[in-house]
Each structure stands twice: as C-alpha cells, then as structure tokens.
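K.L.:
sequence unknown, structure follows:
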C-alpha cells in the first residue's frame, strides 16, 4: 500500500454555530426577566438601536414585584396549596425593632443584639449561652436573662435552642398544657412522626385518643417560626404567554408588554447613505454597518423567539385540551417529541422554548414544562398523565376515613376500578412526591 501527501477539494455539509445562530438560541432560552436584562445591555453597547417610545425600566421592575409570586401554588386555583409570600422585613430587623422598646442597660442591649445576630433563618439560636457569655465577657446569668426577653418576642418560639424548646415556648402561650405533653415533646417526637400513636399512648399511660389530641395541638404550632421572614428577594414572574378562552376556542397571546419596542436610529441610517470619501468617514461607516447588522440579527432573533413560543404554546393547548376544558384530572401524557413533530421543530428547540417560560391560563399560571409529564396506561388503551393520577390520589386520601386510611395497595385497586392500571410502588412514589404521609401516619385515634 502506497502512502503519500496530496491536495484535493471535497464538498461536505456541516452545521456551523455562527454568532447569529448562537444569539437566537440564547434569546429563545431566556425568560422574560432575563430577556429584559439582555436588551438593556444591548441598548447600552449598540448606538444604532433605540427605543420606539420611552420605556420605564424601573416601572417594569415594580410591575414584576406586583405579579403573582412564583411557586407550586400557581398550579391551579383548585389545588389545595397556598402561596407562600415572603416578607420584606427580615427576622433580625423585626426582632431588633422589638428590642428597642425595652428599657435596657448598654450591656444588656449588647447581649440582646448579639443573641439576635446569632439566630438562623428559622429563628433558632446557633450558639450556647456559655459561648455567648465568653464572647461578650459577661456572666451566663446575664445572657440567660436576655435570652428570656428575646424568647418573649414575636414570632412566638423564636430564640429557642432546639425544636423541643421552640414548641414549649409556643405552648406556654396557649394556656393549660395537656398532661404528658412535655414528655411527648422531649422523648417521642420521632414516634409521633412515624404515626406510632398507640405505642406512645402505652408508654405515657394515656389513651390513644388523648395522644391524638396532643398531636393535633402540636400540628397547630410552627417548628420554624422565623421562616415567615427572609433576607432573600421575593421570586416573581411575568407570564410569557396568555391563554384565553374566546367562545369555544382557546387563543394564545404572546406577552409583549414587558419587552421594549426597538428600532434603528434614524441618524445612523442617514449616516450610511453619505458618500464622503474621507478615510475617517469610511471607518465610521464600517463601524455603523457592523452595528447595524448586529441590530438586524437581534430583531430577527426576537421575532423568531416570539413565533417559536407562540407555536409551541399553541401546540400544547391543542394536545392538552382536556386539561384546559376540565382540569388536571383530564391531563394526558405529553413529550417534547410530540410537540416538536406537531410544530416541525427539533426537540431541543421545544425544550428551550418551554424552560423558564410561564403561561397565564383560565386555570392558573403554569410553567410550560408543567404540561410535559409521563403517565400510565389505562384499560381503554389511552394514557393517564402522572399529574392527573397524583390529583386522583390526593382526592382519595382527602375523602378517606381517617380512622381507617387507605393503604397504597388499596389506592392502586381503587384507581384500577377507574381504568387506571398502576402498581402499588408507583402509588407510593407519587404519594411521596406530593408529600402525603403513609397510611400509618395518617391514621387518627379518636374516641
């Protein structure tokens, strides 16, 4: 076999990731807020681009704060979930404000501020009284006295050194404490968490009904009293699309209100038409031409992003029509491939178009990813979406006899009677994903 060097021409096709293509992909995967930040940066570096009309960036930010808070509670108004609103005031500032109302010596005030500064986000003290006394060079008694003051602040239970103390502080404000409650808190909380009420009743020499009442009382307490305060910024969203029902059909509208309208600056457009042969003028035109091409690609990418999100959302609405008409119980299994084939796009493009994008619908605000889920086979040969099955499990548990809760196998049998073929282990998996306790933990002991 003879080997050697040579030159020849060959034609081939390959995908080249040009800067323009990379920009289009980047814009597609941006959320509304990320896109807003990106455009603000482009306006700052590209003089060819200008706003069609004044755009108040601060006003848009204010509107974002007024939008619905992000969280699973947005799934559906019918869901048994409540939105969690984060307070604008931090736990530490809230406690320091209460500390100022006390008439204290400078030393005691310093101790109080030190204790408050060493509380974690849940409201628990992160160091011992002895460590605090050593750090400040004061007596343990002085620290204990100030800790007692801090523990009297709102929210009740703050300043506790462990869960047991936190619960006892809250119980102290409730009036008479049931017999055996402190012993239950000190020694049997793990058993209570596992639903071993009968065992605990025997150890405390009480009836299961007495222990059940104590457990019900404990459930009214907050094990993390500081969590209603947070130093984090609230997480808010602006829906990228709106789905509205007009007559008997659903209409998809892309939300353009939070995106500024852009155009080419007329001064630079005129500048390109000048025929000055001066060398500096030529350099200026070359610079403006480059910026103009960048602006045109940006406009094209923005329109392509808009069209892609519109097409993908429209396909989702058509494929999940049962959900929009009747609710989560009629949601079907849906994959990226099904939507990609329907709109003629690649699966990766559909994934980028749905990640971090939200739709405001007649049934609530949902991330577009929410509509893609696996499912199980039904006896009719159709599929049942995982979310619809979870909703059915929640409903069965909600309607069960609390004294005889349904086992996972019984739930699987009941779903089978509805035509949903599902294994016991799958029921257990979905139940745990929904943070629903097991049957032993749900069982109530009443007289």
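P.N.:
That came in fine, so what should we check first? Every value quoted in this text rests on a predicted model; they were computed, and no experiment measured them.
K.L.:
Please tell me how far residue 200 sits from residue 94.
P.N.:
When C-beta to C-beta, to the nearest Å is the yardstick, residue 200 and residue 94 sit 36 Å from each other. Yep, even glycine has a C-beta here, placed from its N, CA and C like the rest.
K.L.:
which of these two has more neighbours?
P.N.:
More crowded of residue 200 and residue 94, by other C-beta atoms under 10 Å: residue 200, with 24 against 18.
K.L.:
who touches the strand or helix carrying that one?
P.N.:
Using DSSP states H and E, the secondary-structure element containing residue 200 is helix 197-204. Around helix 197-204, the neighbours that count as contacts under C-beta atoms under 8 Å, 6 or more residues apart in numbering are 180, 183-184, 188, 191-192, 207-208, 210-212, 215, 443, 445.
K.L.:
what's the farthest-apart pair in those?
P.N.:
Greatest spacing in the contacts of helix 197-204, by C-beta to C-beta: 183 and 443 (21.8 Å).
K.L.:
which of the two has more neighbours?
P.N.:
More neighbours surround residue 443 than the other of residue 183 and residue 443, with 18 against 13 (other C-beta under 10 Å).
K.L.:
Tell me how far the residue nearest to the more buried one when sequence neighbours are not counted lies from residue 398.
P.N.:
Spatially, and ignoring its direct neighbours in sequence, residue 443 is nearest to residue 405 (5.3 Å; C-beta to C-beta, 6 or more residues apart in numbering). Distance of residue 405 to residue 398, computed by C-beta to C-beta: 11 Å.
K.L.:
quick one, which of the two is more surrounded?
P.N.:
Summary of the neighbour comparison: residue 405 and residue 398, criterion other C-beta under 10 Å, with residue 405 having more neighbours (19 against 9).
K.L.:
Just the buried ones among the contacts of helix 197-204, please.
P.N.:
Members of these that pass the buried threshold by neighbour count (16 or more other C-beta atoms under 10 Å) are listed as 180, 184, 188, 191, 192, 208, 210, 211, 212, 215, 443, 445.
K.L.:
can I get the residues you listed in CSV with pLDDT, secondary structure and distance to residue 386?
P.N.:
CSV is the format used below for those (pLDDT from 0 to 100; DSSP: H, G, I helix; E, B strand; the rest coil; distance: C-beta to C-beta, whole Å):
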residue, pLDDT, secondary structure, distance to residue 386
180, 89, coil, 43
184, 91, helix, 38
188, 90, coil, 36
191, 89, helix, 33
192, 87, helix, 31
208, 90, helix, 36
210, 89, helix, 40
211, 89, helix, 36
212, 90, helix, 33
215, 89, helix, 32
443, 82, coil, 27
445, 74, coil, 33
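K.L.:
any chance of these in TSV, plus distance to residue 434?
P.N.:
As requested, the buried ones among the contacts of helix 197-204 are arranged in TSV below (distance: C-beta to C-beta, whole Å):
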residue	distance to residue 434
180	33
184	28
188	27
191	24
192	21
208	27
210	30
211	26
212	24
215	21
443	18
445	24
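K.L.:
between those, which is nearest residue 146?
P.N.:
The closest of those to residue 146 turns out to be residue 184 (C-beta to C-beta; 29.7 Å).
K.L.:
hang on, isn't the closest one packed against residue 192?
P.N.:
Yes: proximity of residue 184 to residue 192 meets the contact threshold set by C-beta atoms under 8 Å, at 7.0 Å.
K.L.:
quick one: contacts for the closest residue to residue 354 other than its chain neighbours?
P.N.:
Leaving out its chain neighbours, the residue that sits closest to residue 354 by C-beta to C-beta, 6+ apart is residue 368, at 3.8 Å. Residue 368 sits next to 240, 312, 313, 316, 353, 354, 355, 357, 358, 359 when contact means C-beta under 8 Å, 6+ apart.
K.L.:
Separate out the buried members of those.
P.N.:
Neighbour-count burial (16+ other C-beta under 10 Å) applied to the contacts of residue 368 gives 240, 312, 313, 316, 353, 354, 357, 358, 359.
K.L.:
I'd like the mean pLDDT over the biggest helix by length in the chain, please.
P.N.:
Taking residue count as the measure and DSSP state H as the definition, the longest helix of the chain comes out as helix 279-319. The average of the pLDDT scores along helix 279-319 is 89.
K.L.:
The next helix or strand along the chain from that helix: how far from the chain's middle?
P.N.:
Using DSSP H and E, the next helix or strand after helix 279-319 towards the C-terminus is helix 321-326. Using C-alpha atoms, centre = their mean, to the nearest Å, we find the averaged C-alpha position of helix 321-326 to lie 24 Å away from the chain's own average C-alpha position.
K.L.:
Could you do stretch 246-254 as well?
P.N.:
Put simply, stretch 246-254 sits 27 Å off its chain's centre (C-alpha atoms, centre = their mean).
K.L.:
Many thanks, we can stop here.
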